[in-house]
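**Q** Fold the following for me, if possible:
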Amino acid sequence: MEKKITNNLLLKILSLVIAFLVWLLVANINDPVVVTSYDVPVTIQNSAYLESGSKTYQVLEEQQTVTVILRGNRSVVENRQSDIQAVADLTQIVDMDTTPVMVPVTATCERVSAENITVVPAAIGIEIEDMVSKDFTITVTPSETNLSKDFEVGAMTSDPEKVTITGPESLIAIIDRVMAEVDTTTLEGDTTKTCRLKIYDKNQSELKETQMNYLKFDIGEPVVDVHIDLWDVRDNVTLSVGYNGSPAQGYQVGEVTITPSTISVAGTDEALAQLAANGNKIEISPDAVTLDGQDSDVEVRLTLSDYMPRDLMVANNVETAIANVSIIPLGSQEYKIPTRDIEIQNLDDKLRLVFDTDSVTLRVKESNGQISSLSADDISLSVNMDGEKEGDYEVDLEVRLPDGFELVEPVKTLVHVSELE
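**A** Numbering: from 1, shown residues only. Below you'll find the model as predicted:
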């Protein structure tokens, strides 16, 4: 038996070595050792270490992620992105006096030993700042609406109405406003909706998610409830406008108009009832239009929301109105003449003329007569179209007045001339 065991011992040992090498070769071919790298976001741990001293931090923008290199068999190290954690522990800061402060980064991955994991860079830079708090009012804004024309989104109230935000001093300093945007596309009645807050900087850009992660809110999550009231709409509400001050010496106020002269408004039941009691009329404060020393017409653009009574709002996306005050010489008066009463002279029989407006306004002053005795029926107008062809024209009107009166200024109007069909 001993002979059988010792016979060709060297050959047998060589066979075992060859067999091991063949196995190792096959194993390396099927599952070789490889090096694989992954970009991994860094998780910050133990931020309370700084907050206990009323300090906080921000990670440098270019160091939000690190490269983690794994070495090992392909079956172990490939496709492991989700299994890798890169952690920067603030308690491991060695020197707080550097700029930036460097924090070591440690990476782990299941089934991969620490000696087979490399992190590049091995430490990331953070900026340490004072931690401050500031109160912000929450502004509620609706999204695009798709409501019936009989309703408008009225009062919108957030709960709470303000929020205290705590974070790095430099980040808090750039916050301009806090918004709660409400989806109002499918409202059918008064309701309450939960909205996530949006924070905007002074450039009116929304804060990035990485910036939001540095902020803390006294309400916990940046989420609020918004109560929305739908208001009834009332059409054909009359606008009127006054003025304050006086025109220049030798001048007087002629006609005062506002465009549009009627609007639709939405409001609470109580506000609409009060509006009805006032004859469905809204009078804009005389302070909106000032005439001090004016010797020519005054035109003022008005933001209507500034002049709405309490619990009323302008409906149908109307935002502005134009107030016009005509300034005319003393002893003069304005007259509005329908364009249908203008005589058309010398127009080619194959053409027709259409005025662009339904009336023209002319200013007449007294010379020997009394302006109060002159009426629109005493005034006749005509337009001479001799030689004119198709097209759009601004034409001079000929005005005939009784003796004792004269025009303050020439009268022009726009006309459209086309061929008869």
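**Q** Please enumerate the strands of the stretch 51-200 of the chain.
**A** 55-59, 65-73, 84-89, 101-109, 117-120, 123-142, 151-159, 162-168, 175-182, 191-201 (DSSP state E, counting those that start in this stretch).
**Q** Using CSV, lay out the ones you listed together with distance to D311.
**A** Placement of C-beta: from N, CA and C, glycine included. What follows is the strands of the stretch 51-200 of the chain, written out as CSV (distance: least, CB to CB, whole Å):
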stretch, distance to D311
strand 55-59, 43
strand 65-73, 52
strand 84-89, 54
strand 101-109, 55
strand 117-120, 62
strand 123-142, 16
strand 151-159, 8
strand 162-168, 22
strand 175-182, 19
strand 191-201, 19
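**Q** Relative to R363, which of these is closest?
**A** strand 151-159 (41.0 Å; CB to CB).
**Q** That closest one vs strand 191-201, what angle?
**A** Here strand 151-159 runs at an angle of 70 degrees relative to strand 191-201 (axes from the mean of the first three to the mean of the last three CA atoms, to 10 degrees).
**Q** what about P410, distance to V395?
**A** Going from P410 to V395 by CB to CB, to the nearest Å gives 11 Å.
**Q** And for N316?
**A** From N316 to V395 the distance is 36 Å (CB to CB).
**Q** what about the two, which has more around it?
**A** Comparing N316 with V395 by other CB atoms under 10 Å, the one with more neighbours is V395, at 18 against 12.
**Q** Now do the SS call for the more buried one.
**A** strand (DSSP: H, G, I helix; E, B strand; the rest coil).
**Q** what residues are up against it?
**A** 383, 385, 412-415 (CB atoms under 8 Å, 6 or more residues apart in numbering).
**Q** do G254 as well
**A** Contacts of G254 (CB under 8 Å, 6+ apart): 325-328, 332-334, 363.
**Q** ok, and it, which helix or strand is that part of?
**A** Element membership for G254 (DSSP states H and E) is strand 251-259.
**Q** taking the mean pLDDT, what do you get for that strand?
**A** Strand 251-259 shows a mean pLDDT of 91.
**Q** Which positions in that strand come out as buried?
**A** 251, 254, 258 (16 or more other CB atoms under 10 Å).
**Q** What is the nearest of these to C195?
**A** I258 (37.3 Å).
**Q** The closest one is in contact with I322, isn't it?
**A** Yes - at 6.9 Å, I258 counts as touching I322 under the criterion of CB atoms under 8 Å.
**Q** Make TSV out of the contacts of V395 and add pLDDT, secondary structure and neighbour count.
**A** Shown next, in TSV, are these (pLDDT from 0 to 100; DSSP: H, G, I helix; E, B strand; the rest coil; neighbours: other CB atoms under 10 Å):
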residue	pLDDT	secondary structure	neighbour count
V383	93	strand	21
M385	91	coil	18
K412	92	strand	11
T413	93	strand	19
L414	93	strand	12
V415	93	strand	21
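**Q** how about those residues, which pair is most distant?
**A** It's M385 and K412 that sit farthest apart of the contacts of V395, by CB to CB, at 14.2 Å.
**Q** so how many other residues sit close to A123?
**A** 18.
**Q** oh sorry, the question was meant for M313
**A** 18.
**Q** ok now the strand or helix carrying it, how far from the chain's centre?
**A** In this assignment (DSSP H and E), M313 forms part of strand 312-314. How far strand 312-314 lies from its chain's middle: 20 Å, per CA atoms, centre = their mean, to the nearest Å.
**Q** Could you do stretch 260-278 as well?
**A** With CA atoms, centre = their mean, you get 28 Å for stretch 260-278.
**Q** residues of it that come out buried?
**A** 263-268, 271-272, 275.
**Q** Checking G387 next. Helix, strand or coil?
**A** Strictly by three-state DSSP, G387 counts as coil.
**Q** What's the local residue count around it?
**A** 7.
**Q** Okay, the residue nearest to it when sequence neighbours are not counted and V383: tell me how far apart.
**A** Spatial nearest neighbour of G387, chain neighbours left out: N346 (7.9 Å); criterion: CB to CB, 6 or more residues apart in numbering. Going from N346 to V383 by CB to CB gives 9 Å.
**Q** that older thread, and the strand holding M313, which strands flank it?
**A** Note on strand 312-314: by DSSP bridges, its sheet partners are strand 262-267 (antiparallel).
**Q** With just CA atoms, put the partner strand into CSV.
**A** Written as CSV, here are the backbone C-alpha positions of strand 262-267 (Å, rounded to 0.1, in the frame of the first residue of the first chain):
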residue,chain,number,x,y,z
THR,A,262,-68.7,98.4,-17.7
ILE,A,263,-66.9,95.4,-16.2
SER,A,264,-67.7,92.1,-14.5
VAL,A,265,-66.9,91.6,-10.9
ALA,A,266,-66.9,88.7,-8.5
GLY,A,267,-67.4,88.9,-4.7
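**Q** can you tell me which of the buried residues of stretch 260-278 lies nearest to G242?
**A** Nearest to G242 among the buried residues of stretch 260-278, with distances taken as CB to CB, is I263, at 17.3 Å.
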